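Asks: my questions concern the predicted model and sequence given below.
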Amino acid sequence: MVVDSGGKVNRPTTSWVLCLERIHNRAYHMLLARIVEGLVVWGILEGFYAAAIRPLWASRLLLVLYLLVNCALVLPQRRRAVTPMLVWLDIIANLAPMAAATHWSGGLDSPILPIFVIKIGNYGLIYSVATGVRAAFATVFLLSGFQLTGHLGIGPSAELRLVPESTRQRLTLGFGTFLFVVGSYGAVRFFREIGDRERRLTQALEEQRRLSAQLLEDRERLRQLSQRLVDVSEATMQAVSRELHDDFGQAITAARLDLSRIERALPQYPELQRQLGEVRHQLGGILENVRNLSHMLRPAVLDDLGLIAALESYAVRFSERTGIHVEVQLPTVEPQLASEVQLALYRTLQEALTNVARHARARSVLVVLEHEHDRVRLRIRDDGQGFNLEQGGAGQKSTGFGITGMRERAELYGGRFFLTSSVGRGTEISVELPVSCPREGARGNGVETNYRAVG
């Protein structure tokens with residue numbers, strides 16, 4: 001993490017994090033290699049070119065500074081605290097002394113000139129390609145600068161000619177052999193590392209494929225579990241609806257009839273007749289609530305008369321209960337739909353109108369059912385307050401599960417769910433489903449299973 005002058009925190013990129021990790025792992029190796037390079041280069045200068053260096057103490061001072069800077073750089077490298085400024089310090093501190101040594105030992109004819117190739121390659125491999133390119137430009141700039149000093153009369157001294165040509169050739173050959181060995185070793189390490197990276201990448205890809213296959217398998221299991229939960233939920237609601245309608249409804253009706261007979265048999269007790277009439281009236285309200293609850297759980301009209309009648313009946317009941325005008329546009333002919341598809345469309349209408357009543361503050365709702373070839377589409381649009389889809393709005397936390405449930409139910413049967421809304425312009429929900437369901441009949445099996453489970 002880096003903090004700039006304005007106090008802004010700049011988090012390192014992934015590539016820079018990997019670069020820091022490489023530097024951390026190879027800090028001591030780099031230090032050892034640079035110490036060997038420095039000692040070899042200055043050994044050549046002291047042994048063969050001492051007479052050509054003016055002044056000699058400058059060469060020895062550069063060696064000391066070269067070693068001190070590289071030793072000092074190990075600490076931030078091991079702490080993963082290397083910054084771009086330290087990278088430039090590393091480049092200058094390593095290339096400038098080598099450029100000076102090359103200048104003192106013959107310039108472009110120097111036997112230590114090839115060392116720059118190794119150093120630039122190391123920067124590119126250890127730091128980054130961009131750092132290697134910067135090191136190459138710095139090398140060209142430094143060598144060009146020292147070469148220009150020769151034209152100004154401050155190049156290598158005349159004593160350079162005292163070094164025999166054969167000696168310089170043997171030095172060039174020996175140093176070139178040394179660099180070739182070092183470069184070969186580095187190349188072997190590099191290609192071995194590339195091979196290791198390829199193997200790790202292959203393993204990572206295989207693991208990714210395995211995890212992807214497992215994810216798909218888990219998603220399929222989750223889809224099957226969701227389908228099973230929907231089946232059991234619908235089966236339970238259907239069973240409860242029938243129990244309410246048949247058993248509780250009949251029991252309450254029988255109780256009302258018994259109270260009516262008792263009320264007629266006690267004309268001499270008007271106060272008791274009044275109390276019995278109130279109880280009978282309360283039982284009538286309870287019976288109406290039971291019928292409404294039974295209709296909410298599983299409308300018998302859906303099984304008896306079909307989807308169109310069920311949608312129209314629910315829209316009428318909703319309008320009477322809430323005072324919101326509901327306009328329905330339904331096909332004149334009952335579409336041939338799978339039972340699961342009919343139930344999914346009916347549940348979507350239930351949830352959408354429930355959200356309208358709770359949150360939309362709408363005055364009217366338009367319900368449209370369209371049947372085209374092998375697809376059926378249900379649209380519910382209100383003229384309420386709407387909301388911002390990106391920022392959310394009033395009631396979004398409470399309606400989120402309902403919207404998610406409608407979307408998942410649509411996707412469960414191979415359909416699509418659409419939601420559009422804007423502040424002040426209402427909301428429209430659209431569900432598009434295939435007319436057939438590959439799991440048709442599964443709900444019936446779920447009902448039978450549920451009956452066995454609940455007795």
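Replies: That came through fine. Numbers count the residues shown, from 1 in each chain.

Asks: so for stretch 364-382, what gets flagged as buried?
Replies: Within stretch 364-382, the residues that count as buried by 16 or more other C-beta atoms under 10 Å are 365-367, 369, 371, 376-382. Every C-beta, even on glycine, is put in place using the N, C-alpha and C of the backbone.

Asks: what do you get for stretch 333-350?
Replies: 335, 337-350.

Asks: most widely separated two among the buried residues of stretch 364-382?
Replies: Using C-beta to C-beta, the pair of the buried residues of stretch 364-382 lying farthest apart is His371 and Asp382, separated by 22.7 Å.

Asks: count of neighbours near Arg60?
Replies: 14 (other C-beta atoms under 10 Å).

Asks: mind giving me the domain ranges of this structure?
Replies: Annotated domains of the chain cover 2-163, 302-454 [automatic domain parsing].

Asks: ok so, going back, report the lowest-confidence entry in the buried residues of stretch 364-382.
Replies: Least confident entry in the buried residues of stretch 364-382, by pLDDT: His371, with 87.

Asks: what residues are bridge-paired with that residue?
Replies: On the basis of DSSP bridges, His371 is bridged to Val376.

Asks: what's the helix or strand containing His103 packed up against?
Replies: With elements taken from DSSP states H and E, the one containing His103 is helix 84-104. Secondary-structure packing of helix 84-104 (3 or more C-beta pairs under 8 Å, 6 or more residues apart in numbering; DSSP states H and E): helix 14-48, helix 56-78, helix 115-122, helix 129-151.

Asks: so which of the domains of the chain is nearest Pro270?
Replies: domain 302-454 (35.4 Å).

Asks: helices of the stretch 351-455 of the chain, start to end?
Replies: 396-412, 442-454 (DSSP state H, counting those that start in this stretch).

Asks: try the stretch 101-250 of the chain
Replies: Counting by DSSP H, counting those that start in this stretch, the helices of the stretch 101-250 of the chain are 115-122, 129-151, 165-242, 249-265.

Asks: which of those helices sits most buried?
Replies: For the helices of the stretch 101-250 of the chain, the largest average neighbour count (mean count of other C-beta atoms under 10 Å) is found in helix 115-122, namely a mean of 19.

Asks: now do that one, average pLDDT.
Replies: 76.

Asks: what does stretch 195-204 give?
Replies: Mean pLDDT, stretch 195-204: 83.

Asks: repeat that for stretch 327-335.
Replies: 89.

Asks: just how off-centre is that stretch within its chain?
Replies: Stretch 327-335 sits 42 Å away from the centroid of its parent chain (C-alpha atoms, centre = their mean, to the nearest Å).

Asks: for Gly38, what are its contacts?
Replies: Counting by C-beta atoms under 8 Å, 6 or more residues apart in numbering, Gly38 makes contact with 63, 66-67, 70, 97.

Asks: which SSE is Val333 in?
Replies: Under DSSP H and E, no helix or strand contains Val333.

Asks: show the backbone phi and psi for it.
Replies: Per-residue torsions, Val333: phi -110, psi 130 (degrees, to the nearest 10).

Asks: still on that earlier bit, next, format the buried residues of stretch 364-382 as a markdown table and append distance to Trp57.
Replies: As requested, the buried residues of stretch 364-382 are arranged in a markdown table below (distance: C-beta to C-beta, whole Å):
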| residue | distance to Trp57 |
| --- | --- |
| Val365 | 95 |
| Leu366 | 95 |
| Val367 | 96 |
| Leu369 | 97 |
| His371 | 98 |
| Val376 | 94 |
| Arg377 | 91 |
| Leu378 | 92 |
| Arg379 | 91 |
| Ile380 | 91 |
| Arg381 | 90 |
| Asp382 | 90 |
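
Asks: which of the residues you listed fall in strands?
Replies: Secondary structure from DSSP state E places 365-367, 369, 371, 376-382 of the buried residues of stretch 364-382 in strands.

Asks: that older thread, max pairwise distance over the contacts of Gly38: which two?
Replies: Across the contacts of Gly38, the longest distance by C-beta to C-beta is 11.1 Å; it joins Leu63 and Asn70.

Asks: for the stretch 51-200 of the chain, which spans come out with low pLDDT?
Replies: 51-52, 54-55, 107-109, 147-169, 172, 175, 178-179, 182-183, 186-187, 190 (pLDDT under 70).

Asks: mind redoing it with 50?
Replies: Along the stretch 51-200 of the chain, no part satisfies pLDDT under 50.

Asks: can you check the stretch 251-400 of the chain too?
Replies: Using pLDDT under 50, the stretch 251-400 of the chain drops low at 393-399.
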